[in-house]
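> Let me see the structure of the following:
(one chain, ligands or ions: 1)
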Amino acid sequence: MNPILILLFDTLGAGHMDLYGYRRPTTPFLRRLAEEATTYERCFSSSPWTVPSHASLFTGLYPSQHGLDGRNVTLPEWQTTLPRVMRECGYATVGMSCNEFISVGSGFERGFDRFYEAWRPEALGPSELLAGLDRRPAGRWIAEAVREAVRRRSPSFPIRYGLERRRTRLHPVTDCATPSTRNVLTAIREVLSAPSAGPVFLFANLMQTHARFGAPEPFAGTFVPRSHPLRGGHDAWFGVEHHANGRFDADALEVLAALYDEEILFIDACVRDLVGFLKERRLWDATTLIITSDHGECFGEHGLVEHAFGVYNTNIHIPLLVKYPGGLKRGERDDGICQLQDLYATCLDLAEAPFPRPRHSTSLLATERRKLAVAQVLDVGFRIAACRSRNPGWVPPPFAQPCHGIVNRQLRKVIAWGDGSFNHYDLTTDPGEERPAVAPPQGGIGQDVAEAVADSLGYAPVVPGAEILAVSGGPGGAGPA
Ligand SMILES: [Zn+2]
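Numbers count the residues shown, from 1 in each chain. Down below sits the predicted model:
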């Protein structure tokens, strides 16, 4: 049995990587790595946000099967998970997380011999915490708060803004991503250097590509001037703020996208350094290295900003590179449909594990690959509550409803919305999903198929609005996701 490393870069969309054809050179090393690995061109997450997506990876199930979404964010104690099975196989299992949703409190640590919560403030030193804080002079953010209060006609806004600043200061995962990332990468080297009871199975979530975007030197300034006010002038909830109050215009969203791209350039270099370490220690040939993500990020496409609403490709098309041991499938580009939860069965195949594979996890090494990919949004109440905490009169737009998306091998896609409507796309001619058709295009997925798939996955269509009435959200109801 050989070591298996899964590096999951939270919120890294394939559409912002030149490895997948993006216009900016954000992934120079990953393009080189692709010559030694297999690049999966059409990998989809099961959800547009962290918890259901990670739960699918850990269980091999769709959100409607594992049940995690909205405010249900805890894996049940009885659930069989990938780290549990890998430990049964004799692996020394190590988990690391920079995301507070992937934590001991939410059950994601079960099955790991060791679990490092890098998101906790105590995991960072005082200087690292300080480095992540918004250090603009007080006068600047007070002036901004007053300006916003006038614009919103809300005299109480500066107080709420101040409290929000204070609250977000306590979130090093989003405001100090760089030291957390570096700590985790150092910890990975330590784990791989130390003797262990068996081959290592290591999973790490890194939050570098999650807002707030602020790449370190020398990457800062690559695509956006260092002095640009938006560099510090947004936070982890910029999408909530945008949806609730129309905060960012198209130019501002373009700047935020470029700041995000600088983060991708940084993590590309992080992977380069880690691969250099593996080669130097002669661990490279035997190791399976998996680079992936849990969902993407939107910067105005379809009216969406950030993630968690909708199942458009900007949110569910994720990168997947697998460097297999012994030169297996070296340099291949695989255009089959696959999903994040397929890594469950793939890891079991790599370990030659005598355990059942979940029905909806199809090994990347299997001869028969999956026919459909499915992504689901079961509960949007928590996001609606977050938007309403910033604008009590906010009326949810059509995208703020449960939905699922299905993509087939012919790259036809259907999005089935909770209100019973359907959008059909031909991704071969319309990769941006800008021209929905009422009826399925040739080779497409009919509504009967969409309904049958939804039914088989246990997805119960939700009447839009019903779940909104049940929401009781306080200020800042949405955490980083
Ligand atoms: Zn995430």
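
> which regions of the stretch 351-481 of the chain sit below the pLDDT cut-off?
Flagging of the stretch 351-481 of the chain using pLDDT under 70 yields the residue ranges 459-481.

> quick one: the helices in it?
Assigned by DSSP state H, counting those that start in this stretch, the stretch 351-481 of the chain shows helices spanning 381-390, 447-456, 466-469.

> ok, and which of these has the densest surroundings?
When you average the neighbours per residue for each of the helices of the stretch 351-481 of the chain (mean count of other C-beta atoms under 10 Å), helix 381-390 leads with a mean of 24. All C-beta atoms are positioned from the backbone trio N, CA, C, and that covers glycine.

> Thought N423 was touching G444, still the case?
No. Counting by C-beta atoms under 8 Å, N423 is not a contact partner of G444; they are 11.1 Å apart.

> overlap in contacts of these two?
Where contact means C-beta atoms under 8 Å, 6 or more residues apart in numbering, the residues bridging G444 and N423 through contact with each are V414.

> Including distance to R226, could the helices of the stretch 351-481 of the chain go into a markdown table?
Rendered in a markdown table, the data for these read as follows (distance: least, C-beta to C-beta, whole Å):
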| stretch | distance to R226 |
| --- | --- |
| helix 381-390 | 29 |
| helix 447-456 | 47 |
| helix 466-469 | 42 |
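
> just so I know, which of the ones you listed lies nearest R359?
Among the helices of the stretch 351-481 of the chain, helix 447-456 comes nearest to R359, with 9.7 Å by C-beta to C-beta.

> what's that closest one packed up against?
Counting contacts by 3 or more C-beta pairs under 8 Å, 6 or more residues apart in numbering; DSSP states H and E, helix 447-456 packs against strand 403-408, strand 412-417.

> quick revisit: comparing G444 and N423, which shows the higher neighbour count?
Under the neighbour definition other C-beta atoms under 10 Å, G444 and N423 were set side by side, and G444 has more, 20 against 17.

> count of residues packed around the residue in the stretch 301-450 of the chain positioned nearest to the ion?
Among the residues of the stretch 301-450 of the chain, H307 lies closest to the ion, at 7.1 Å counting by C-beta to the ion. As a burial measure, H307 scores 28 neighbours (other C-beta under 10 Å).

> I'd say it and W49 touch.
Yes. A contact is recorded between H307 and W49 when judged using C-beta under 8 Å, the distance being 5.5 Å.

> From the ion, how far off is G13?
Look at G13 and the ion: by C-beta to the ion, to the nearest Å, they are 11 Å apart.

> meant to ask about E254, not that
Distance from E254 to the ion, counting by C-beta to the ion: 22 Å.

> Buried residues in the helix or strand where that residue lies, which are they?
Take DSSP states H and E as the rule and E254 turns out to sit in helix 250-280. By 16 or more other C-beta atoms under 10 Å, the buried positions in helix 250-280 come out as 252-253, 255-268, 270-271, 274-275, 277-278.

> ok, the residue of the stretch 301-450 of the chain closest to the ion - contacts?
So H307 contacts T11, P48, W49, G239, H295, G296, E297, C298, N315, A481 (C-beta under 8 Å, 6+ apart).

> State the distance from it to S293.
When distance is defined by C-beta to C-beta, to the nearest Å, H307 is 11 Å away from S293.

> Find residues that contact each of those two.
Once C-beta under 8 Å, 6+ apart is applied, the residues that H307 and S293 both contact turn out to be T11.

> Looking at the protein, which residue is nearest the ion?
Among the residues of the chain, T50 lies closest to the ion, at 3.1 Å counting by C-beta to the ion.

> quick one: that residue and N99 touch, right?
Yes. The pair T50 and N99 passes the contact test of C-beta under 8 Å, sitting 6.1 Å apart.

> Show me which residues of the chain sit near the ion.
Along the chain, the residues adjacent to the ion under the rule C-beta under 5 Å from the ion are D10, T50, D294.

> Just give the number of residues close to T80.
The burial count assigned to T80 is 17, neighbours taken as other C-beta under 10 Å.

> Break the protein into its domains for me.
Domain assignment of the chain by automatic domain parsing yields the ranges 4-134+172-368, 135-168.

> of all those domains, which gets the most neighbours per residue?
domain 4-134+172-368 (a mean of 20).

> First-to-last residue distance for it?
Counting by C-alpha to C-alpha, to the nearest Å, you get 23 Å between the two ends of domain 4-134+172-368.

> now that domain, how far from the centre of its chain.
Its chain's C-alpha centre and that of domain 4-134+172-368 lie 6 Å apart, by C-alpha atoms, centre = their mean, to the nearest Å.

> Equivalent analysis for stretch 363-381, please.
When C-alpha coordinates are averaged (C-alpha atoms, centre = their mean), stretch 363-381 and its chain have centres 15 Å apart.

> what about that stretch, how long is it end to end?
With C-alpha to C-alpha as the measure, what separates the two termini of stretch 363-381 is 34 Å.

> what's the answer for stretch 216-233, then?
16 Å.

> Run through who's touching that stretch.
Looking at stretch 216-233 with C-beta under 8 Å, 6+ apart, the contacting residues turn out to be 24, 134-136, 144, 178, 213-215, 252, 255-256, 258-259, 261-263, 265-266, 269.

> where's the nearest residue to R388 once chain neighbours are set aside relative to S45, distance?
In space, and not counting its chain neighbours, R388 is closest to W394: 5.2 Å by C-beta to C-beta, 6 or more residues apart in numbering. When distances are taken as C-beta to C-beta, W394 and S45 turn out to be 27 Å apart.

> Using CSV, write down the CA coordinates of stretch 334-354.
The C-alpha trace of stretch 334-354 is given here as CSV (Å, rounded to 0.1, in the frame of the first residue of the first chain):
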residue,chain,number,x,y,z
ASP,A,334,-9.6,12.3,-19.2
ASP,A,335,-12.8,13.8,-20.6
GLY,A,336,-15.2,11.4,-18.9
ILE,A,337,-17.8,12.7,-16.4
CYS,A,338,-16.7,12.3,-12.8
GLN,A,339,-17.5,13.6,-9.3
LEU,A,340,-15.7,14.5,-6.1
GLN,A,341,-17.3,11.5,-4.3
ASP,A,342,-15.8,9.2,-6.9
LEU,A,343,-12.5,9.6,-4.9
TYR,A,344,-14.1,7.4,-2.2
ALA,A,345,-14.2,4.3,-4.5
THR,A,346,-10.9,5.3,-6.1
CYS,A,347,-9.1,5.4,-2.8
LEU,A,348,-10.6,2.0,-1.9
ASP,A,349,-9.4,0.6,-5.3
LEU,A,350,-5.9,2.0,-4.7
ALA,A,351,-5.9,0.3,-1.3
GLU,A,352,-7.4,-2.8,-2.8
ALA,A,353,-9.9,-2.6,0.1
PRO,A,354,-12.3,-5.4,0.5
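
> Average pLDDT for the strand or helix carrying G336, rounded please.
For G336, the element it lies in under DSSP H and E is strand 333-339. When pLDDT is averaged over strand 333-339, the result is 97.
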